[in-house]
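J.: sequence below, structure please.
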Amino acid sequence: MLAILLAFTTFVSTSLGGLFAISNRDRLHRILGFTAGVLLGVVAFDLLPEIFALTNSTGSSFTVPMVALVVGFLTFHVIEKLTIIHSAHEGEYSNGHHHPELGVVSAIALAAHSFLDGVGIGLAFQVNTGVGLAVAVAVIAHDFSDGLNTVTLMLMNGNSTKKSLWLLLLDATTPLLGAASTLFFHLSDQHLLIYLGFFTGFLLYIGASDILPEAHAKHPSRITLVLTIAGTVLIFLVTRVKLG
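T.: Got it, this is the predicted structure:
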């Protein structure tokens, strides 16, 4: 029950992140720059180290999560091309790069990740209360950026504010469902490795192919660059607290 209670705190954290993105819509390019830094930080300081640790502790082949990473990257690349999300011309970013389908797909993928955040909290409490609290603190801090990312991805791809709020509600609710689900099942380390690899590939793709180009297309500035670095540093600091 403590795990579920703390998962509810992620609902608040995620919602605040999404509402921040909406209220600062006129400065969305700066939020995009910050979001890109957050995604890079999550990949470099959270997901990849977790993959390395799980691979070593389970004696699994490192090839498995790396194949999942490539599959995750290529899956969203294929989705993008099949839905004609990108033009072959690089200059399209400056002429209205809006594709609602990718926004919805990306937001749903982030909601799925948030569900597994809740699973992570629940499983950590199955180890002991101390581990559960440490994981919960890290997830709560991370979920603010999840909410920001969800709304940002929706808005930057031309979705309405109302639709973005519905996807934000989904993203904010899924950690609760994830934590509750751990009352009924246990996630094996091998399956967790596949999930971590796949989601890492997804983050790499949307960060490099969509968010960073969009952030700098219409409003290139040093402030946006600084915010990208700040997002990366923030996640570095959050993960240091987690490891501590």
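
J.: in the helix or strand harbouring residue 223, what counts as buried?
T.: With elements delineated by DSSP states H and E, residue 223 resides in helix 222-243, which encompasses its position. Within helix 222-243, the residues that count as buried by 16 or more other C-beta atoms under 10 Å are 224, 227, 228, 231, 232, 234, 235, 238, 239, 242. All C-beta spots, glycine's among them, are computed from the backbone N, C-alpha and C.

J.: with pLDDT added, can I get these in CSV?
T.: What follows is the buried residues of helix 222-243, written out as CSV (pLDDT from 0 to 100):
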residue, pLDDT
224, 85
227, 87
228, 88
231, 85
232, 88
234, 85
235, 80
238, 76
239, 74
242, 59
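
J.: quick one on the thing from earlier: packing partners of the helix holding residue 223?
T.: With contacts defined as 3 or more C-beta pairs under 8 Å, 6 or more residues apart in numbering; DSSP states H and E, the secondary structure elements packing on helix 222-243 are helix 28-42, helix 129-156, helix 212-217.

J.: got the CA positions of stretch 21-34 in CSV?
T.: As requested, the backbone C-alpha atoms of stretch 21-34 are provided in CSV (Å, rounded to 0.1, in the frame of the first residue of the first chain):
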residue,chain,number,x,y,z
ALA,A,21,4.6,22.8,-20.7
ILE,A,22,1.1,24.1,-21.6
SER,A,23,1.3,27.4,-19.6
ASN,A,24,4.7,28.1,-21.3
ARG,A,25,3.5,27.3,-24.8
ASP,A,26,5.0,30.5,-26.3
ARG,A,27,8.4,29.4,-25.1
LEU,A,28,7.9,25.8,-26.3
HIS,A,29,11.2,25.8,-28.2
ARG,A,30,13.1,26.3,-24.9
ILE,A,31,11.1,23.6,-23.2
LEU,A,32,12.0,21.3,-26.2
GLY,A,33,15.7,22.1,-25.7
PHE,A,34,15.4,21.2,-22.0
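
J.: tell me which helix or strand of the protein sits lowest on mean pLDDT?
T.: Within the chain, no helix or strand scores below helix 212-217, which has a mean of 71 by mean pLDDT, DSSP states H and E.

J.: phi, psi of the spatially closest residue to residue 76 that is not a sequence neighbour?
T.: Leaving aside its chain neighbours, residue 76 sits nearest to residue 205 (4.7 Å; criterion: C-beta to C-beta, 6 or more residues apart in numbering). Here is the backbone geometry of residue 205 (degrees, to the nearest 10): phi -70, psi -50.

J.: wait, isn't residue 205 in contact with residue 73?
T.: Yes: taking contact to mean C-beta atoms under 8 Å, the distance of 4.8 Å between residue 205 and residue 73 places them in contact.

J.: so how far is the helix holding residue 223 off the chain centroid?
T.: Shown here is helix 222-243, whose average C-alpha point lies 14 Å from the average C-alpha point of the whole chain (C-alpha atoms, centre = their mean, to the nearest Å).

J.: could you measure from residue 157 over to residue 206?
T.: Counting by C-beta to C-beta, to the nearest Å, the gap from residue 157 to residue 206 is 11 Å.

J.: so residue 15 sits against residue 170, correct?
T.: No: the pair residue 15 and residue 170 does not pass the contact test of C-beta under 8 Å, sitting 11.3 Å apart.
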